[in-house]
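Participant: below is the sequence, then the predicted model.
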Amino acid sequence: MEDGAAGGDVSADRVIAELLDMGFEFDEISRAIGAVGTRCADVLEFMLGGSGNGKMKKASRETRSRSCVSSNAEARPSDDGNKLVNPRKRLKQSSITDHLASNTGCRRGSCGEKASTSYPCLAASDDPRAPVAVSADVCSALKPESQFLLANSRSESDLGHKISAVLRKHFGFSCVKGFQKEALDAWFAHKDSLVLAATGSGKSLCFQIPALLTAKVVVVISPLISLMHDQCLKLAKHGISACFLGSGQPDSRVEGKAMSGMYKIIYVCPETVLRLMEPLKKLAEKPGIALFAIDEVHCVSKWGHDFRPDYRRLSVLRENFSASKLKFLEHDIPLMALTATATIPVRADIIKSLKMSEDTVVVLTSFFRPNLRFRVKHSRTSVSAYKKDFRELVVTYNDSRNFRGKGQKALREINPDSESSSYESPDDAMSDDEDANVDSMSHEDNSFGKTKVGMPLINENAENELDVYPGVDDFDVTCGEFLECSWPENSASSSQCNKTGSSSSEIADQGPTIIYVPTRKQTVELANYLCKTGLKAAAYNAKMPKSHLRQVHQQFHCNALEVVVATIAFGMGIDKSNVRRIIHYGFPQSLEAYYQEAGRAGRDGKLADCTLYCNLLRAPTLLPNKRSKEQTKVAYRMLRDCFHYALNTSICRAKILVKYFGEEFGPDGCRMCDICINGPPQMHDFKEDAVMFMSVLQAQNGQATEDMGCSNIPRYISGRQRFGEVPNFRGVVSYIREKFPRFDTTDKVWWEGLARILEGRGYIQEAAEIYPEVTEAGLNFLSMQSEEEGLYEYLNAAMLLVMNDPKPISTSSEWGRGWADPAIRRQRLAGKKMGRRKGKRHSRSHSTGFTTARQRLAEILSKRRR
Ligand SMILES: Nc1ncnc2c1ncn2[C@@H]1O[C@H](COP(=O)(O)OP(=O)(O)OP(=O)(O)O)[C@@H](O)[C@H]1O
Ligand SMILES: [Mg+2]
């Protein structure tokens, strides 16, 4: 795949053909090859400047100078003495078509840029601390190699040919994908674009190709240094010069070089781009900025899952780099915003926040990843459950090794039919101790380093803490120290990898697994456990020593690790093709985050598993983070969606996920997820339960108390009406169980399940202050109940668990779980002693007859109808 320019291993014939296409003369090429060998970049450099005797056809010579030359070289007379450019003369930023038309010799606009004596990017290569990629893109004007045409017009047709050529040359692909073509079309037309495409679909190419088609620079804004680093390394391998700027860049000279146009692609974090506004304006003038790409752009939105305040400030790009602001520009410099995880509201927010132009092109492709197999399994997700939950994983890797030892290939496919149901015994309700443990993660208890477990290497860093996303530097884990290292995807070439003594090809067969856990402590606990079972596993979280993290990255990339147990700090946008399993051990905080993380599996297009282990019997908790009140509400909503996803028993999981991003999936499911394989459970008529629940809820909430004449219906819990609390849910259930003997053995889980079903139907909803409240639709249902035939729904996963193994009814101490955040939970635990008293209070308050309430409610409803 690598081409001569990058790898230096192509035949002289190919180099000659390429250079002839560029317009050089055969004799001259032969002479240059004789002098410097067959490396395209060297030959070109020799001809352009090194020997000073190149005889390029005039138009083509100019072409060469336009497409390959860095801007920072001073203007100087050409070899034949002609002045090619006046360095002091301000050049207008020319149209992209100017650059593209060059091969046909029909340049227009600014045409005075001169040839450089040497390709500047090459100059940095002897510095070990130099920016990551230093190979020159010196052979970009190749002959058309593909049938692909971007559009009908001639110049666009040229663009299509050129795209195909650079694609083959640098990446080894035969054609661009449909959405990539659309994004390139938008760029070509100088338009802003928002590119929404699935994880691993190839969004990076949309902004990398423009860098190869023009003499201008592409500036990419990216949220993580590790991600920038990963991309720079990949570009280096593809022979494209790139660098990243910011605190992770160890070489202070790189910034200056980048701002003078020495790299085709510059990666920056938002903080840095804001700091570099003035140098960027100069860069925009000369050699020009082809594009601002904003990768992982969902970080812009407060309504997204990974909000970074500095991303919002990137509106300065549209404000400052427009033709109206910079007089030398003919067109606004296009913005290209890219993400795999933006819901419809988030998309609108992105366009608004970045002040993208009104005619922004939205490139939308399917979010569906057909090779990902989604499953949900019920688990306590605690140490005691490791053995059961990871047995299959351990067997898979160990079997593979053992079979290989006997000379057999053992790619053990997981057979969904042979698996136990996700809705097995509910003997999993957490103990109070565990509950308290979760509480210890709360915001007020940020006791870094207090809990110490694990192996010596990571002992000091094992904290029961969370990795959140406060800023780019928290992910400064690779820190530009892999400059000379390029990780082969499927071979262990580095000495680091060999140190482990593992055979990378063994692991490559099975592909690695990433397990995401919520806390740092869990990364260590679980990795330790897996190591003891014989797996090659490592923990990864943002607080570990950088040397350890580097090693994990490196070993992961060269298939020396079977499992990485990580917090969210590991992996955004990192492109490793053969990850076979993504396991979430505990609820993610949003479906966006879940899909983003799950999307790291199966980038090679082969089958990969994405399994969520979670406790279906208790609602997920919101992990501590700094949030405004408004953001907290949004965060709860996102969490609720995750819970619905896990409780679901009837809708294809892939369908739910893509629908979450606004995509209609069609009638068929993915045919692979646990729901598609197992089919839905029996339907159940919930009408009677629903009527009772909503009637009591409505009366109890007090919404109807005054005007509905229900003032004697007790408000069971007063004074605790903050968002996310459960001010009345258990009161409602207690009341029902107490007053109606046929419900007296029902479990709270059952009612919670029903509440989720009713919420799904829109009959009840989370309210700002009390949860849940009956909606208008719910009231209509209540008023029409005699006419309704039944309320048929599938039992959800939690209900199935309870049904399969009914337990005695919960004690009062179990009531407060779920719906609330850890702080509230802790308060509850602290107030456990109050439990008995609460019970008494309930029994006192339950003295009011439900029948009376219901009758009164009926009266009010009938009045309303009238
Ligand atoms: N036109 C193409 N033909 C074949 N493979 C491609 C093409 N474009 C990109 N790819 C490959 O797809 C893989 C994923 O690319 P990339 O990292 O850009 O994905 P992404 O969409 O940015 O994912 P994420 O959302 O996780 O950041 C890469 O290995 C890349 O080489
Ligand atoms: Mg990406």
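Facilitator: Received it, and whenever you're ready, just let me know what you need. Ligands and ions are numbered 1, 2, ... in the order given.

Participant: the closest residue in space to residue 763 that isn't next to it in sequence: what secondary structure?
Facilitator: In space, residue 763 comes closest to residue 778 once its chain neighbours are excluded; the distance is 3.5 Å by C-beta to C-beta, 6 or more residues apart in numbering. Bear in mind the C-beta positions are built from the backbone N, C-alpha and C, glycine included. Taken by DSSP: H, G, I helix; E, B strand; the rest coil, the conformation at residue 778 corresponds to helix.

Participant: tell me how many other residues crowd residue 778.
Facilitator: Residue 778 is surrounded by 24 other residues when neighbours are defined as other C-beta atoms under 10 Å.

Participant: i'd like the first residue to be 67 from this point on
Facilitator: Shifting the count to begin at 67 puts that one at residue 844.

Participant: near ligand 2, which residues of the stretch 267-416 of the chain show up?
Facilitator: residue 269 (C-beta under 5 Å from the ion).

Participant: apply 8 Å and report the result again.
Facilitator: Where proximity means C-beta under 8 Å from the ion, the interface of the stretch 267-416 of the chain facing ligand 2 comprises 269-270, 293, 297, 361-362, 404, 406.

Participant: any idea how far the closest residue to residue 826 other than its chain neighbours lies from residue 656?
Facilitator: Counting by C-beta to C-beta, 6+ apart, residue 826 lies nearest to residue 710, which is 6.8 Å off, once chain neighbours are set aside. For residue 710, the distance to residue 656 (C-beta to C-beta, to the nearest Å) stands at 12 Å.

Participant: wait, isn't the residue nearest to residue 829 in contact with residue 759?
Facilitator: No - Residue 844 is beyond contact range of residue 759, at 9.9 Å (criterion: C-beta atoms under 8 Å).

Participant: common neighbours of those two, please.
Facilitator: Contact with both residue 844 and residue 759 is made by residues residue 824, according to C-beta atoms under 8 Å, 6 or more residues apart in numbering.

Participant: ok, residue 710 and residue 656, which is more surrounded?
Facilitator: Applying other C-beta under 10 Å to residue 710 and residue 656 shows that residue 656 carries more neighbours, namely 23 against 18.

Participant: which residue packs closest to the more buried one, ignoring adjacent ones?
Facilitator: Per C-beta to C-beta, 6+ apart, closest to residue 656 is residue 704, 3.6 Å.

Participant: count the residues that sit near the one you found.
Facilitator: Residues within reach of residue 704, counting by other C-beta under 10 Å, total 22.

Participant: what about it, which SS state?
Facilitator: When states are read from three-state DSSP, the local structure at residue 704 comes out as helix.

Participant: would you map out the domains in this protein?
Facilitator: Residue ranges of the domains in the chain are recorded as 79-112, 242-430, 438-468+574-744, 749-770+792-874, according to the TED database.

Participant: a markdown table for those, including distance to ligand 1?
Facilitator: As requested, the domains of the chain are arranged in a markdown table below (distance: least, C-beta to the nearest ligand atom, whole Å):
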| stretch | distance to ligand 1 |
| --- | --- |
| domain 79-112 | 21 |
| domain 242-430 | 3 |
| domain 438-468+574-744 | 3 |
| domain 749-770+792-874 | 29 |
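
Participant: reformat those into CSV and put mean pLDDT and distance to residue 226 next to each item.
Facilitator: Converted to CSV, the domains of the chain look like this (pLDDT from 0 to 100; distance: least, C-beta to C-beta, whole Å):
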stretch, mean pLDDT, distance to residue 226
domain 79-112, 69, 16
domain 242-430, 92, 8
domain 438-468+574-744, 90, 25
domain 749-770+792-874, 80, 47
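
Participant: would you mind giving those as JSON lines with distance to residue 234 added?
Facilitator: Rendered in JSON lines, the data for the domains of the chain read as follows (distance: least, C-beta to C-beta, whole Å):
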{"stretch": "domain 79-112", "distance to residue 234": "12"}
{"stretch": "domain 242-430", "distance to residue 234": "11"}
{"stretch": "domain 438-468+574-744", "distance to residue 234": "19"}
{"stretch": "domain 749-770+792-874", "distance to residue 234": "49"}
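
Participant: about what we covered before: give me every residue that touches the residue nearest to residue 829.
Facilitator: Residue 844 makes contact with 760, 764, 824, 828-830, according to C-beta under 8 Å, 6+ apart.

Participant: gap between it and ligand 2?
Facilitator: Computed as C-beta to the ion, to the nearest Å, the residue 844 to ligand 2 distance reads 43 Å.

Participant: can you check residue 809 too?
Facilitator: 52 Å.

Participant: contacts only, for that residue.
Facilitator: With contacts taken as C-beta under 8 Å, 6+ apart, residue 809 has the following neighbours: 755, 758, 802-803.

Participant: now the strands for the stretch 667-816 of the chain?
Facilitator: If DSSP state E, counting those that start in this stretch is used as the criterion, the strands of the stretch 667-816 of the chain fall at 674-680, 749-751.

Participant: ok, the longest one: who's next to it in the sheet?
Facilitator: Paired strands of strand 674-680, with direction, are strand 438-444 (parallel), strand 647-651 (parallel) (DSSP bridges).

Participant: without its sequence neighbours, what residue ends up closest to residue 437?
Facilitator: The spatial neighbour of residue 437 that comes closest, neighbours along the chain excluded (C-beta to C-beta, 6+ apart), is residue 668 at 4.6 Å.

Participant: how many other residues sit next to that neighbour?
Facilitator: Residue neighbour count, defined by other C-beta under 10 Å, stands at 26 for residue 668.

Participant: next one: residue 851
Facilitator: Other residues within reach of residue 851 by the criterion other C-beta under 10 Å amount to 17.

Participant: that one and residue 754 touch, don't they?
Facilitator: No - distance between residue 851 and residue 754: 9.4 Å, which falls outside the contact criterion (C-beta under 8 Å).

Participant: re earlier: what would the contacts of residue 809 look like in a markdown table with neighbour count?
Facilitator: Supplementary listing: the contacts of residue 809 in a markdown table, determined by neighbours: other C-beta atoms under 10 Å:
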| residue | neighbour count |
| --- | --- |
| 755 | 20 |
| 758 | 20 |
| 802 | 21 |
| 803 | 19 |
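
Participant: let me know the closest of those residues to ligand 2.
Facilitator: The shortest approach to ligand 2 among the contacts of residue 809 belongs to residue 755, at 46.6 Å (C-beta to the ion).

Participant: quick check: the closest one touching residue 820?
Facilitator: Yes - under the criterion of C-beta under 8 Å, residue 755 makes contact with residue 820 at 5.6 Å.
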